[in-house]
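S.K.: build me a model from this:
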Amino acid sequence: MSVFPTVREVLALDPFRFGAPRVVAGEDALDNPVRWVHVAEVPDIASLLRGGELVLATGIGLPADDAGLRGFINDLADVGVSGFVVELGRRYTQNLPKVLVAAAEKRGLPLIELRRDTPFVRITEAVHALIVDAQLTELRATEEIHQRFTDLSVEGAEPAEVLRQVAELSGSPVVLENLSRQVLAYDPAGGSAALLLDGWESHSRRIRVPTRTGFDADSGWLVTTVGARGQDWGRLLLHVRAEPANRLRILLERAASTLALGRLIRRDAEGLERQLHATLLTALLDHSRPVDEVALRARALGVTLERRHLVGVVVRPRHDGGHAPAVAEQAELRGLAEGVGQALRDAKLSGLSSLLDDHAVGALIALRGPADEEGALGAFATALRRVRPESAPVIVAAGTGVADLREARRSLVEARQVADAARHDHRQVPVFRLPHVGLAGLLHLLRDEPRLQTFVERQLGPVLAHDAQHPRDTLLPTLRVYLEQGRNKSSAAAEAHLSRPAFYERLARLGRILQADLDSVEACLSLHVALLALDAVRDS
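M.R.: As a prediction, the model looks like this:
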């Protein structure tokens, strides 16, 4: 895509049509952009050009011999002119020389003959006016982009709205991903979301650009890095297929700046992918209402939150599909929310409770002092089991108690993260707390942290890229079984159902790809931590 008109568009202008133009060679290249029009009657004009010019001539200065004509065309093609126009009548009366036509066809250079006398000045004026108009249109479009995204920044627009504007202005699908190649937001621009997102992580790992903003011609994606204050946390990708115009680069970079600014303003420690509901409980999570207003409304409901010891609690099913729940799962979650409310009443506890998202129910319990915390949590868990004796097992997780309503968000967030991490813990713990979740849990708590995602990419990026390019010869499972078997190669080979020579060969390839010594305890420890972190990131 280019701001400049093409040779085809230029030939449609009235001054050109007056000259009765006929394309005699290079018709396939008529979409070449015309950066400027240059009139020349000297054989060495190529040395004065820099590409993109449409060259006009009467032919009086062209070489007289065949070799000279071929050299002249080759020189024009080498410098990258968009086309060569010759007016018949002065040097050539009926047709252009066959050698000139053949040379232009061979190099794919549009060669046009004008069969009627045409003032070149009219052509240059018309084409240059078209170029200036196109540049002015581009300038106006760029100004609209800046104004629109300035408004979005001031309004604190959500990522979905920012991406909707990008899709509207470009007419192309757009995707926002984190450093682990997980989709945070997207807009298919009227296309199929399923096709856009199918196998996204593997597809994204094949899209590589050497700079912060670049175009990957093989995949047709324009990419820019998203981040601020020296800390990158994602990429914004626009599917444009052909080489993008400068306007689209500006559009994508401006959108990325708006997303980065929005993240800085919101300070959303849980990431962009979680949208909270407009209730009193979620108001504490997303600061959508002043704390004093939340306390006032809670008091009107009979729940006193001021001057209380507050504990965030999250309850979620032990197992779920990890995606937006089906109708039956939604009904089960609504039943769980009712059970949590009933358990609070049965345990004679005061607090707020509601659905947090598609997978969990949250509660903020208000106690008179920290001494009541353990007993109150135990009573709540017991009451919940009584309320739901036949239901599927759930995880009850609690955050650290706080003494101020302004700190309640921290306790709720911690409780939700502990609950997420506890999904992989098979112990029957009445109430999970932070000390229960171990290293895997700690990594799960930090899964949205860009520095952790950067660590995963640094440690495992090469093998993930290899597996994305060779889906039938993946090596990550080999690394996983080797580390899980404590670096015991014989046990790992047996666990992987491979012969020891075959397993050793795969390990050797892994070592070369990762540039790591897989016999080193320190190197394997780093890789094992990175694998646990990758699992945590993917599980989110």
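S.K.: helices or strands up against the least confident helix or strand in the chain by mean pLDDT?
M.R.: Within the chain, no helix or strand scores below helix 438-445, which has a mean of 74 by mean pLDDT, DSSP states H and E. Other elements packing on helix 438-445 under the criterion 3 or more C-beta pairs under 8 Å, 6 or more residues apart in numbering; DSSP states H and E are helix 408-422, helix 521-539. For every residue, glycine as well, the C-beta is placed using N, CA and C.
S.K.: repeat that with 10 Å
M.R.: In terms of contacts (3 or more C-beta pairs under 10 Å, 6 or more residues apart in numbering; DSSP states H and E), helix 438-445 is packed against helix 408-422, helix 450-469, helix 521-539.
S.K.: out of these, which comes closest to Leu514?
M.R.: helix 450-469 (5.7 Å; C-beta to C-beta).
S.K.: pick the most buried one from the helices and strands packed on helix 438-445.
M.R.: With neighbours defined as mean count of other C-beta atoms under 10 Å, the helices and strands packed on helix 438-445 peak in mean count at helix 408-422, which reaches a mean of 24.
S.K.: model confidence over that one, on average?
M.R.: Averaged across helix 408-422, pLDDT comes to 88.
S.K.: now that helix - C-alpha only, PDB.
M.R.: Only the C-alpha atoms of helix 408-422 are listed here, as PDB (Å, rounded to 0.1, in the frame of the first residue of the first chain):
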ATOM      1  CA  ALA A 408      -9.200  -4.800  50.400                       C
ATOM      2  CA  ARG A 409      -8.400  -5.100  46.700                       C
ATOM      3  CA  ARG A 410      -5.000  -6.600  47.600                       C
ATOM      4  CA  SER A 411      -6.600  -9.300  49.700                       C
ATOM      5  CA  LEU A 412      -9.100 -10.200  47.100                       C
ATOM      6  CA  VAL A 413      -6.600 -10.300  44.300                       C
ATOM      7  CA  GLU A 414      -4.300 -12.500  46.400                       C
ATOM      8  CA  ALA A 415      -7.200 -14.800  47.200                       C
ATOM      9  CA  ARG A 416      -8.100 -15.200  43.500                       C
ATOM     10  CA  GLN A 417      -4.500 -16.000  42.600                       C
ATOM     11  CA  VAL A 418      -4.100 -18.500  45.400                       C
ATOM     12  CA  ALA A 419      -7.300 -20.200  44.200                       C
ATOM     13  CA  ASP A 420      -6.100 -20.400  40.700                       C
ATOM     14  CA  ALA A 421      -2.800 -21.800  41.800                       C
ATOM     15  CA  ALA A 422      -4.500 -24.400  44.100                       C
END
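S.K.: that helix to helix 521-539, inter-axis angle?
M.R.: Helix 408-422 runs at 110 degrees relative to helix 521-539, counting by axes from the mean of the first three to the mean of the last three C-alpha atoms, to 10 degrees.
S.K.: tell me how far helix 408-422 lies from the chain's centre.
M.R.: In terms of C-alpha atoms, centre = their mean, to the nearest Å, the centre of helix 408-422 is set 26 Å apart from its chain centre.
S.K.: name the helices or strands packed onto that helix?
M.R.: Contacts defined by 3+ C-beta pairs under 10 Å, 6+ apart place helix 408-422 against helix 280-286, helix 291-300, strand 309-317, strand 361-367, strand 394-398, helix 438-445, helix 521-539.
S.K.: export the longest one to PDB, keeping only CA atoms.
M.R.: In other words, helix 521-539. Extracted C-alpha coordinates of helix 521-539, given in PDB (Å, rounded to 0.1, in the frame of the first residue of the first chain):
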ATOM      1  CA  VAL A 521      22.200 -28.800  37.700                       C
ATOM      2  CA  GLU A 522      22.000 -25.000  37.500                       C
ATOM      3  CA  ALA A 523      20.900 -24.900  33.900                       C
ATOM      4  CA  CYS A 524      18.300 -27.500  34.400                       C
ATOM      5  CA  LEU A 525      17.000 -25.700  37.500                       C
ATOM      6  CA  SER A 526      16.400 -22.600  35.400                       C
ATOM      7  CA  LEU A 527      14.700 -24.600  32.700                       C
ATOM      8  CA  HIS A 528      12.500 -26.400  35.200                       C
ATOM      9  CA  VAL A 529      11.400 -23.100  36.700                       C
ATOM     10  CA  ALA A 530      10.800 -21.700  33.300                       C
ATOM     11  CA  LEU A 531       8.600 -24.800  32.400                       C
ATOM     12  CA  LEU A 532       6.600 -24.300  35.600                       C
ATOM     13  CA  ALA A 533       6.200 -20.600  34.700                       C
ATOM     14  CA  LEU A 534       5.100 -21.500  31.200                       C
ATOM     15  CA  ASP A 535       2.400 -23.800  32.600                       C
ATOM     16  CA  ALA A 536       1.200 -21.000  34.900                       C
ATOM     17  CA  VAL A 537       1.100 -18.500  32.000                       C
ATOM     18  CA  ARG A 538      -0.700 -20.900  29.700                       C
ATOM     19  CA  ASP A 539      -3.100 -21.800  32.500                       C
END
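S.K.: report all helices and strands that it contacts.
M.R.: helix 408-422, helix 438-445, helix 450-469, helix 476-484, helix 500-514.
S.K.: of those, which is nearest Ala331?
M.R.: Across those, closest to Ala331 is helix 408-422 (C-beta to C-beta), at 20.4 Å.
S.K.: quick one, that closest one and strand 361-367 angle?
M.R.: Helix 408-422 and strand 361-367 are oriented at 130 degrees to each other (the same axes, to 10 degrees).
S.K.: next SSE after the longest helix seen in the chain?
M.R.: As assigned by DSSP state H, the longest helix anywhere in the chain is helix 120-155. Sequence-wise, the next helix or strand downstream of helix 120-155 (DSSP states H and E) is helix 159-170.
S.K.: that following helix to helix 120-155, inter-axis angle?
M.R.: Going by the same axes, to 10 degrees, helix 159-170 makes 170 degrees with helix 120-155.
S.K.: that older thread, show me what the longest helix of the chain is packed against.
M.R.: Helix 120-155 packs on helix 7-11, helix 14-18, strand 36-39, strand 53-57, strand 83-87, helix 159-170, helix 246-266, going by 3+ C-beta pairs under 10 Å, 6+ apart.
S.K.: how far does the second one sit from the chain's center?
M.R.: Spelled out, that is helix 14-18. That offset, for helix 14-18, works out to 47 Å (C-alpha atoms, centre = their mean).
S.K.: which strands or helices does the following helix or strand past that helix pack on?
M.R.: On the C-terminal side of helix 14-18, the closest following helix or strand by DSSP H and E is strand 21-25. If you count contacts as 3+ C-beta pairs under 10 Å, 6+ apart, strand 21-25 packs onto helix 7-11, strand 83-87, helix 98-107, strand 111-114.
S.K.: rerun that using 7 Å as the cut-off
M.R.: Here strand 21-25 touches helix 98-107, strand 111-114, going by 3 or more C-beta pairs under 7 Å, 6 or more residues apart in numbering; DSSP states H and E.
S.K.: which of those sits most buried?
M.R.: strand 111-114 (a mean of 24).
S.K.: what comes into contact with that strand?
M.R.: 11, 19-26, 83-88, 96, 101, 104 (C-beta atoms under 7 Å, 6 or more residues apart in numbering).
S.K.: for Ala67, give its distance to Pro43.
M.R.: 12 Å (C-beta to C-beta, to the nearest Å).
S.K.: counting neighbours, go ahead and name the busier of these two.
M.R.: Between Ala67 and Pro43, counted using other C-beta atoms under 10 Å, Pro43 has the larger neighbour count: 15 against 9.
S.K.: in space, what's closest to that one - neighbours in sequence excluded?
M.R.: Spatial nearest neighbour of Pro43, chain neighbours left out: Pro63 (5.3 Å); criterion: C-beta to C-beta, 6 or more residues apart in numbering.
S.K.: so the one you found makes contact with Leu69?
M.R.: Yes. The pair Pro63 / Leu69 is scored as a contact, 5.5 Å apart, by C-beta atoms under 7 Å.
S.K.: this completes my enquiry, with thanks.
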